[in-house]
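# No sequence on hand, only this structure:
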Ligand code: IDP
């Protein structure tokens, strides 16, 4: 089982899409194992987006993610990183397929509703950046045998 970080970004929270995002992930079969709403400090935003430092959109990205509360979660599942990325859709919503979260609810790359870790290393880094170990709930679901062979 993999764990990956998902953030409902400020535009997603403001637009009332938090439940929609969680619902789509849950309905797919992913299991939420940690969840909280929070304001993002500039320090945390800079750590999370360190890889983008120096890019033209960096300052706007830090302003955006710190502008209003986010809902952040860890979801778990078989190949969860890829499954979540595919459910979220392409970074630029104009390229995101209909049926994906970004393809259904977003118009602009700078307001794309959701963040999802893009690989095993970033997932490990980001889950430990946003959550302490005692905030993560490990639990079994009786439905898992109906989701996984
Ligand atoms: P991802 O969120 O799909 O993993 P990344 O390329 O890692 O995409 O970019 C991180 C975030 O930075 C994007 O989700 C988006 O919010 C923002 N971003 C990326 N490129 C641009 C851009 O050209 N203009 C404005 N924002 C951008």
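Thanks, I have it. Predicted, not measured: the structure shown is a model, and the values here were computed from it.
# Let me see the contact set for residue 111.
9, 11, 64 (C-beta atoms under 8 Å, 6 or more residues apart in numbering). For every residue, glycine as well, the C-beta is placed using N, CA and C.
# Show me which residues of the chain are close to the ligand?
57, 61, 91, 109, 110, 112, 115, 118 (C-beta under 6 Å from any ligand atom).
# Mind checking what secondary structure the third one has?
Under the three-state scheme (DSSP: H, G, I helix; E, B strand; the rest coil), residue 91 adopts coil.
# picking that back up, now flag whichever of the residues of the chain next to the ligand is closest to residue 43.
Nearest to residue 43, judged by C-beta to C-beta, of the residues of the chain next to the ligand is residue 61 at 14.7 Å.
# mind listing the helices for the protein?
10-14, 18-28, 42-48, 58-65, 80-88, 101-105, 120-130, 144-147 (DSSP state H).
# Format those helices as CSV; extra columns: mean neighbour count.
Rendered in CSV, the data for those read as follows (neighbours: other C-beta atoms under 10 Å):
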stretch, mean neighbour count
helix 10-14, 19
helix 18-28, 16
helix 42-48, 15
helix 58-65, 15
helix 80-88, 20
helix 101-105, 20
helix 120-130, 17
helix 144-147, 11
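# can you tell which of those helices is closest to residue 2?
Taking C-beta to C-beta as the criterion, residue 2 comes closest to helix 80-88 out of those, the separation being 4.1 Å.
# Give me the contacts around the closest one.
Counting by C-beta under 8 Å, 6+ apart, residues outside helix 80-88 touching it are 1-4, 6, 24-25, 28, 30, 75, 77, 96, 100-102, 114, 116-120, 123.
# next one: stretch 122-142
Contacts of stretch 122-142 from elsewhere in the structure, counted by C-beta under 8 Å, 6+ apart, are 2-5, 7, 31, 33-34, 36, 44, 47-48, 72, 74, 81, 117.
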